[in-house]
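>>> Need coordinates for the following:
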Amino acid sequence: MNPILFYILAYAGFGLIATPLLGILGSWVDRKITARVQWRVGPPLAQPLYDLVKLMGKEIIIPRGCSRWTFLMAPVMGFSAAALVATLLWVTLIWPEKSFTGDLIVVLYFLLVPSIAVILGGFASRNPIASLGASREMKLMMADELPFLLAILVPVIMGGSVIRLGQFIIHQESYGMLFTTWAGGLALFVALMAVQAKLALVPFDIPEAETELMSGPYVEYSGPALAIYKLTHMMMLVILPMFLIVMFLGGIDLHGWGILWSICKLFVLLLLITLIRNTNPRVRIDQALKFFWGPMSIFGAAAVILALLGK
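Model (predicted):
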């Protein structure tokens, strides 16, 4: 077998095992911190795994009149995209010299697919509540994408106009983490706000909005299909911080004491995401649009200008 193909398959298998496990652990950290903020004890370590196993044992109920294949394949599509992004990130983190030109564009493209899968699944169910949630997910995706891309443009400029994930890690090994600069710090703030929206967490949990829409796009899902959606969300809870670590925080070191430092980076980002979630009220969809197309886009553009001036 071609050695390059062997390593890619090996990392793909590693990513498919490690990322869901890290996602389950990240979900527990999120729920545990949330509980402590609310003066509760919180769930046991394996509770997210118990929830998934319980859902996997239940029946999938398909709504009458829905688009059957789209309804069933939407969660699989979202999970597949998350797994592919995870594989590319693990290859970059373990083997940065072998990342390929344009893998950043591939990652940015596939980071959209889980949201698109939620939209397709919601509309395919033909439930009015699910359709409303899917409509909100679509608007939220359109809102956060512009400032997110502006934020990601900053490392591209400061790294010498490269679009290889591995090159960002190599660049930061030589010149320091990008978030320590004015442009990088501002871009990381904008990207973190966009990640909060991509994860549909408070204050941007508008599509699901349990007190308004019950579960939004997921209202008709049950059994393994819902479990796949839940697992994809858990994976994204780790994948998106890992992506920010690659772009702004110098990547992850898997050797010696570097492992502890890498865990601290991931934990701090998860802590920030969870604290934002637990200290802000939900906003309306029009307020989210104004927030991302207004201040966040302005901050993103300012970070790009600072990066150009600094370069």
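>>> From here on, just use CA atoms for contacts and neighbour counts.
Noted.
>>> can you give me the helices in the stretch 1-150 of the chain?
Across the stretch 1-150 of the chain, reading from the start of the chain, the helices by DSSP state H, counting those that start in this stretch fall at 3-37, 47-56, 68-94, 103-110, 113-124, 128-158.
>>> Please identify the most buried of those.
Using mean count of other C-alpha atoms under 10 Å, the stretch among these with the greatest mean number of neighbours is helix 113-124 (a mean of 24).
>>> Which secondary structure element of the chain has the lowest mean pLDDT?
Counting by mean pLDDT, DSSP states H and E, the weakest-scoring helix or strand in the chain turns out to be helix 210-213, with a mean of 73.
>>> packing partners for whichever helix or strand comes after that one?
Scanning forward in sequence from helix 210-213 by DSSP states H and E, the next helix or strand is helix 223-248. Using 3 or more C-alpha pairs under 8 Å, 6 or more residues apart in numbering; DSSP states H and E as the contact criterion, the secondary-structure elements in contact with helix 223-248 are helix 3-37, helix 47-56, helix 68-94, helix 128-158, helix 165-175, helix 182-198, helix 258-278.
>>> tell me the mean pLDDT over helix 223-248?
Taken as a whole, helix 223-248 has an average pLDDT of 95.
>>> Report the inter-axis angle for that helix versus helix 47-56.
Compare the direction of helix 223-248 with that of helix 47-56 by axes from the mean of the first three to the mean of the last three C-alpha atoms, to 10 degrees and you get 140 degrees.
>>> what's stretch 214-224 in contact with?
Outside of stretch 214-224, the residues that reach it under the criterion C-alpha atoms under 8 Å, 6 or more residues apart in numbering are 55-63, 118-119, 121-123, 125, 127, 129-134, 207-210, 226.
>>> Any idea how far apart the tips of stretch 208-227 sit?
Using C-alpha to C-alpha, to the nearest Å, the end-to-end distance of stretch 208-227 comes out at 16 Å.
>>> Could you check it and say which residues are buried?
By neighbour count, and taking 16 or more other C-alpha atoms under 10 Å as the criterion, the buried residues in stretch 208-227 are 208-209, 213, 215-227.
>>> confidence score at A35?
According to the per-residue confidence, A35 scores 93 in pLDDT.
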